[in-house]
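Participant: 3D model of this:
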Amino acid sequence: MILTTRFAAIPLLLGLSACGSLVPPTDIPRPPLREDFRPAAASASAASSAGASTAASTEATTGASTAASHEWRGFFADARLDEVVGLALDQNRSLRASAAAVERVRAQYRVTAADRLPEIGLGASATRQRTANGDGATTTYGVNLGLASYEIDLFNRLGSLEGAALSRFLAEQETQRSARLSLAAEVATAWLSLAAAQQRLVLNQALRDSQQRSLDLAERQYALGAASGLDRARARTAFEAARGDAAESVGAVTQARLQLELLVGQPVPDRQS
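Facilitator: Residues are numbered from 1 along each chain as shown. Here you go, the predicted model:
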């Protein structure tokens with residue numbers, strides 16, 4: 001009678017396990033945003049978003065995709081800028097800490113997903129015993145395999161915990177991706193600022209040299225009496241202003257280079273070829 005009751009309880013437990021989850025549905029509408037910042041990826045965004053959830057679960061169990069860490073490659077036309085951005089992403093300590101956080105959350109997700117699987121117990125034993133007459137001995141080996149523990153997921157409790165762990169992993173992964181793209185954008189901005197400062201320096205130095213020649217000509221004209229003192233003073237004023245702009249451009253180039261090296265974490269090659 002007891003055996004019959006136990007077997008009769010199995011359909012009841014299976015029915016309770018199929019009752020569904022007590023977690024309320026969270027069907028949040030997705031905004032019409034592109035999956036990538038490249039113009040060529042706009043047409044492929046619809047196909048990639050269809051399998052996003054499945055790919056995310058597979059990626060969490062098999063390992064992080066390396067495409068996100070190199071998705072900025074090919075966006076910049078300058079190969080030297082790609083090299084500098086790669087150096088910045090490799091040397092940044094905050095990104096290393098973020099990668100470690102992603103691995104930690106991934107491990108937590110795997111542990112949570114493993115709770116839904118049954119635990120199997122395996123044991124082995126060996127017994128050696130002498131015979132009654134003492135002429136020899138017998139050895140007995142035994143192996144035990146059985147179901148150690150298994151929790152029936154009533155009301156999808158374990159499934160909800162697994163979904164929450166997966167959501168935390170995906171959120172941490174997107175945080176790391178955002179940090180990488182932000183650093184790449186900052187390095188590109190600093191690189192272009194350095195290029196602009198170097199171009200201004202070249203122009204101001206050329207203007208300073210031109211004003212120097214004009215001042216020398218005004219000095220000779222003043223010595224010959226062909227120009228007044230006012231003309232000479234105007235030429236000197238223009239030269240001093242151009243020299244000040246050139247000196248200011250040198251400081252701007254130095255500051256822009258220091259800012260870029262601060263983002264990269266090491267000295268960078270010269271912007272000009």
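Participant: In this protein, what residue spans correspond to helices?
Facilitator: Ranges of helices in the chain, per DSSP state H, are 2-17, 45-50, 52-62, 79-91, 93-114, 157-224, 229-264.
Participant: Go through the ones you listed and find the least confident stretch.
Facilitator: Lowest mean pLDDT of the helices of the chain: helix 45-50, a mean of 41.
Participant: sorry, back to before: just send the helices of the chain back as JSON lines, with distance to residue 144 and mean neighbour count too.
Facilitator: C-beta coordinates here come from the backbone N, C-alpha and C atoms, glycine included. Formatted as JSON lines, these follow (distance: least, CB to CB, whole Å; neighbours: other CB atoms under 10 Å):
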{"stretch": "helix 2-17", "distance to residue 144": "22", "mean neighbour count": "9"}
{"stretch": "helix 45-50", "distance to residue 144": "47", "mean neighbour count": "11"}
{"stretch": "helix 52-62", "distance to residue 144": "30", "mean neighbour count": "13"}
{"stretch": "helix 79-91", "distance to residue 144": "51", "mean neighbour count": "17"}
{"stretch": "helix 93-114", "distance to residue 144": "22", "mean neighbour count": "15"}
{"stretch": "helix 157-224", "distance to residue 144": "27", "mean neighbour count": "17"}
{"stretch": "helix 229-264", "distance to residue 144": "60", "mean neighbour count": "16"}
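Participant: and of the ones you listed, who's closest to residue 140?
Facilitator: Closest to residue 140 of the helices of the chain is helix 2-17 (CB to CB; 30.8 Å).
Participant: circling back to that earlier point, let me know which of the helices of the chain is the nearest to residue 28.
Facilitator: Closest among the helices of the chain, using CB to CB: helix 157-224, at 11.8 Å.
Participant: thinking again about what came up before, now the helices of the chain in JSON lines, with distance to residue 31?
Facilitator: Compiled in JSON lines, the helices of the chain are given as follows (distance: least, CB to CB, whole Å):
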{"stretch": "helix 2-17", "distance to residue 31": "36"}
{"stretch": "helix 45-50", "distance to residue 31": "11"}
{"stretch": "helix 52-62", "distance to residue 31": "14"}
{"stretch": "helix 79-91", "distance to residue 31": "28"}
{"stretch": "helix 93-114", "distance to residue 31": "24"}
{"stretch": "helix 157-224", "distance to residue 31": "14"}
{"stretch": "helix 229-264", "distance to residue 31": "31"}
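Participant: among these, which is nearest residue 143?
Facilitator: Distance to residue 143, taken as CB to CB, is lowest for helix 93-114 among the helices of the chain, at 24.1 Å.
Participant: quick check: angle from the closest one to helix 79-91?
Facilitator: Inter-element angle recorded for helix 93-114 and helix 79-91: 60 degrees (by axes from the mean of the first three to the mean of the last three CA atoms, to 10 degrees).
Participant: Helix 93-114 - contacts with which helices or strands?
Facilitator: Helices and strands touching helix 93-114, by 3 or more CB pairs under 8 Å, 6 or more residues apart in numbering; DSSP states H and E, are helix 52-62, helix 157-224.
Participant: let's go with 6 Å and repeat that
Facilitator: helix 157-224 (3 or more CB pairs under 6 Å, 6 or more residues apart in numbering; DSSP states H and E).
Participant: same for the helix it packs on, what does it pack against?
Facilitator: So helix 157-224, by 3+ CB pairs under 6 Å, 6+ apart, packs with helix 52-62, helix 79-91, helix 93-114, helix 229-264.
Participant: Just list what the second one packs against, helices and strands only.
Facilitator: This means helix 79-91. Helix 79-91 makes packing contacts with helix 157-224, helix 229-264 when contacts are defined by 3+ CB pairs under 6 Å, 6+ apart.
Participant: Now distance to residue 93 too, for the ones you listed, in TSV please.
Facilitator: Below are the helices and strands packed on helix 79-91 laid out as TSV (distance: least, CB to CB, whole Å):
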stretch	distance to residue 93
helix 157-224	11
helix 229-264	12
